[in-house]
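> Structure, please.
(2 chains)
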Amino acid sequence: MASHSDKEKTLGDVLRSHGVSRRSFMKYCATTASMMAMSPAMIPMIAEALENAKKPSVIWLSFQECTGCTESLTRAGASTVENLIFDSISLDYHHTLQAASGHRAEEAKEEAMHENHGKYLLVVDGSIPMDNPGYSTIAGISNYDMLMEAAEGAAAIIAVGTCATYGGLPKASPNPTGAVSVSDLIKDKPIINVPGCPPIPVVITGVLTHFLTFGALPELDDLGRPKAFYGQSIHDRCYRRPFYDKGLFAETFDDEGAKAGWCLYKLGCRGPTTYNACATTKWNNGTSFPIESGHPCLGCSEPEFWDGGGFYKALSIPTADVGETVLYTAAGAAAAGVALGALNRATKGSANKAHEKVTLEDLEK
Amino acid sequence: MSTSGGNERIVVDPITRIEGHLRIEAEMDGNKIGSAYSSGTMVRGIETILKGRDPRDAWAFAQRICGVCTLVHGLASIRSVENALSYKVPKNADLIRNLMSGAQYIHDHVMHFYHLHALDWVDVVSALDADPKATSELAQSLSNYPRSSPGYFSDMKKKLKGFVEAGQLGIFAKAYWGHPAYKLPPEANLMAVSHYLDALEWQRDVARLHTIFGGKNPHPNFVVGGVPCAIDLNSDSAINAKKLAQVQEIINKMKVFVEQVYIPDTLAIAGFYKDWGSRGEGLGNFMTYGDFPSNGMEDPSGFMLPAGAILNRDLSKIHEVDMHAPDEIHEYVSHSWYDYEGGKDTGLHPYDGETTFNYTGPKPPYKHLDVDQAYSWLKSPRWKGHSMEVGPLARVLMLYATGHEQTKDLVGMTLSKLDVPVEALFSTLGRTAARTLETKIFADAMQGWFDDLVANIKAGDTKTFNEVLWEPSSWPKSAQGVGFMEAPRGGLAHWIVIEDETIKNYQAVVPSTWNAGPRDSKGQPGAYEAALEDNHELHDPEQPIEILRTIHSFDPCIACAVHVSDSDGNELINVKVK
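Presented below is the predicted three-dimensional model:
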């Protein structure tokens, strides 16, 4: 088997040798541009960047995790994982997908790190246990040592999933293993946080594509998240928002309100304090998202969401008790709902401008 | 058990193409594996995290035990709460849960076969030598799957060739390509590699069944007392005719892929590896918990999959399994990195389970584990003292032994097509074949559950949630229960103890703990260990593909297998390694 250093072709060469026509390649670039909400003027730039690139090396490390993030990666409709692997990245280490096991797998990682020092992209899912190096090892090496070694030569790090970005489930109280996030440990490398439990499939590949296309990090918010996907709250983009504004809420999972698609706020929905693309991009190629399928948002892309109180307890009753005031004061319902909505919008409008996180307290102001 | 004598020790860590962190150490006896040791090398402590929380929230935490077996821990969790509270769920909720769980089997088994297991049998590089026309003839001789033209395989070969020639092999680098243990002709390899890619596309599509009912995949949503999705044929925001039509279409696509691709490929590939029908059995003990209710979880007689235990291959006697009985299921920690208050060699029933981290393994970085001591984060579950295998082979044997006609037909067809004796079921090959065969059983059952759901809605029943016990104030002061199911990897159960509306204790005993656990206090090996010790000669210890074949035949899921609880509310002790 040829080693992967003997010949290096650019992506353009590879695509041509695959019989990919210029026309379908440009179509792919257009799709990427549209997905990233970029101007059509950017398409030739994307094409040029992609065509001239040797496939960048990507090393994917999995620590305290459940493999849900990798499963999510395989669900992405554009770019698909197979297109990424065959056409745009060289996925040189990935436990779940790679053919080689044992020391040959470790060799593949070491070679990739050596040959692409300073240039490879490091992807991490899972948290890192700090109380004892024996709490999580791979090839006899602690997660901490493996992360630090791989981070040293990385061009940038993408932390995928809430465990890698914020500590996630392992860090939930009482944090039995002393789990921490990637950004708790790495301070000298650019880190893109892609939270979610798991993140939306196309958000994972979308962030990868952005980095590969532009060779730079997307614009991030104050929690290190790409604004393209985490810039708006689920509540603000939710199709059930008009019911919230009107004060119409489902009280249980199959009452008339639930059937009619009323707001799930009273069932504990975290949409108002959760910044993610679920309501717009939706899940599994636009099929649905949790709220559309009747379950309140768990807030899974926010730090500390596991310890934010019971999932089915309403965040709080905003301003006044919407349920009491609005639902049972039939005559004033519409007016009160609209007023409440306007108030919230005003608060969040100013926060969005500065790309700051809106807290529940802001909502209640 | 001895590790002395200077025998060669082979270490495979990481075992890739699985879920999680698994290490295998094998002590060689000449070219053969003498003793094998299975070690789970990652712990999180999820059950400790669950304590003190609202039992209705537990499913979301428990579900994150695993994102590959996504949903199974969520479902086991809500069933544990419902069992503890005698909380009945509507008929529609059981049907939707069956559909979601069945979809998980089909999705997961196909992905396991093509994306995790296949590369043990399929040589990707050999596919470059295939003749596309001959590949097409081979494919068309096996099934009616439409993607079988010479042009299709020619394009696939071209794509693969371009990829390999570009010199960046990525996930395909450093594998054992060219190893003489690969027996498929180039055409079969090209066909299988093509289906590897097709299966990736297919799985994205059929995973949407979970999204329709549960809002997302991985990790769809559940709710104690029913399902979160409402049914209303007159609403654009509930399960309506359009969404039901989408579900029907997905079921059709599942059935087509299983029948036209997965089954023919399994049989075709197995035909070249019949020698794997005589190694890798190991225990000969099999267990199922039962699942897929037609009349609620309280009525096991309505389960599609029956419960029971089989000992020493004796299919004529099915032993009853009682998950509540204090003297049946026990977990041991003699070789696990935990302590028990009553001593390391005692066994505890999950209701009384206790676990305290005590990492006594070598300080990382390390070369070898000390297998005379504790060597895994997995415990060793035992049924009446026996090591048991759970999973597809256990289920197929249980269905076969209890006279399930479709299973008998499928097993008979497989044995006769491969021309192997019935004993070949008890092997690495049998385990992999059983996974394929049960997928066909589920693909057919999906249509039945869907038809029942539609009939129920047609009859005017749209109830999906029972709110009667939703408020914790309606619960007894204390309650305990077990939520069990058959997950794709085998029997799964969560035991919960509720007190004052919160979780007092939570314990999961999962399929990969049964299969991948270490030795117990008597030195009895777990299923992986026993299987590797069954007739495994390594052609080249530097390239131990034989180990991968048998381990992958179990479809390991190690995040699932490692779990901790502490029933006494004691502080967990973290022993620092010097």
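
> For the closest residue to chain A within chain B, which non-adjacent residue is closest in space?
Closest residue of chain B to chain A, CB to the nearest CB: B:Gly67 (2.1 Å). Quick note: C-beta positions are derived from backbone N, CA and C, even for glycine. Distance criterion CB to CB, 6 or more residues apart in numbering or on different chains; nearest residue to B:Gly67, sequence neighbours excluded, is A:Gly68 at 2.1 Å.

> hang on, isn't the one you found packed against B:His219?
Yes. Applying CB atoms under 8 Å, one finds A:Gly68 in contact with B:His219, separated by 5.8 Å.

> Pull the contacting residues for the nearest residue to A:Pro218 once chain neighbours are set aside.
Distance criterion CB to CB, 6+ apart; nearest residue to A:Pro218, sequence neighbours excluded, is A:Pro226 at 4.1 Å. Applying CB atoms under 8 Å, 6 or more residues apart in numbering or on different chains to A:Pro226 gives the contacts A:Ile192, A:Val194, A:Val207, A:His210, A:Pro218, A:Glu219, A:Leu220.

> And the fifth one, how close does it get to B:Ser35?
In this structure, A:Pro218 and B:Ser35 are 52 Å apart, going by CB to CB, to the nearest Å.

> again, but for the last one
Counting by CB to CB, the gap between A:Leu220 and B:Ser35 amounts to 51 Å.

> of those two, who's got more company?
Using other CB atoms under 10 Å in any protein chain shown as the criterion, A:Leu220 and B:Ser35 rank with B:Ser35 on top: 20 against 17.

> so the more buried one makes contact with B:Ala26?
Yes. B:Ser35 lies in contact with B:Ala26 (CB under 8 Å); the separation is 7.3 Å.

> picking up where we left off before, wait, the residue of chain B closest to chain A sits on A:Leu73?
No. Using CB under 8 Å, B:Gly67 makes no contact with A:Leu73, being 10.7 Å away.

> Show the pLDDT at residue 265.
No chain specified, so I'll use chain A. A:Tyr265 carries a pLDDT value of 97.

> my bad, the chain I had in mind was chain B
98.

> for B:Ala561, same thing?
B:Ala561 is assigned a predicted lDDT (pLDDT) of 77.

> quick one: it and B:Val509 touch, right?
No. Checked against CB under 8 Å, the pair B:Ala561 and B:Val509 is beyond contact range at 9.6 Å.

> Which one's more surrounded, those two?
Counted by other CB under 10 Å, B:Ala561 and B:Val509 do not tie: B:Ala561 has more neighbours, with 33 against 27.

> List the residues that contact the closest residue to B:Leu532 other than its chain neighbours.
Nearest residue to B:Leu532 in three dimensions, chain neighbours excluded: B:Ala36, at 3.6 Å (CB to CB, 6+ apart). Contact analysis of B:Ala36 by CB under 8 Å, 6+ apart lists B:Ile24, B:Glu25, B:Ala26, B:Glu27, B:Pro525, B:Tyr528, B:Glu529, B:Leu532, B:Glu533.

> Go again with 10 Å.
B:10, B:24-27, B:282, B:371, B:525-526, B:528-534, B:536, B:547, B:550-551 (CB atoms under 10 Å, 6 or more residues apart in numbering or on different chains).

> Got the phi and psi for residue 112?
No chain was given, so I picked chain A. Taking degrees, to the nearest 10, you get phi -60, psi -40 for the backbone angles of A:Ala112.

> same question, A:His95
Per-residue torsions, A:His95: phi -50, psi -40 (degrees, to the nearest 10).

> all strands of chain A, in order?
A:57-62, A:90-93, A:120-125, A:128-129, A:137-138, A:141-142, A:154-160, A:179-180, A:191-194 (DSSP state E).

> how about those, which one is nearest B:Ala199?
strand A:90-93 (17.7 Å; CB to CB).

> Counting by contacts, list what that closest one packs against.
Here strand A:90-93 touches strand A:57-62, helix A:102-115, strand A:120-125, going by 3 or more CB pairs under 10 Å, 6 or more residues apart in numbering or on different chains; DSSP states H and E.

> how about a markdown table for the ones you listed, with distance to B:Tyr262, mean neighbour count and mean pLDDT added?
Shown next, in a markdown table, are the helices and strands packed on strand A:90-93 (distance: least, CB to CB, whole Å; neighbours: other CB atoms under 10 Å in any protein chain shown; pLDDT from 0 to 100):
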| stretch | distance to B:Tyr262 | mean neighbour count | mean pLDDT |
| --- | --- | --- | --- |
| strand A:57-62 | 27 | 26 | 97 |
| helix A:102-115 | 27 | 20 | 97 |
| strand A:120-125 | 28 | 28 | 97 |
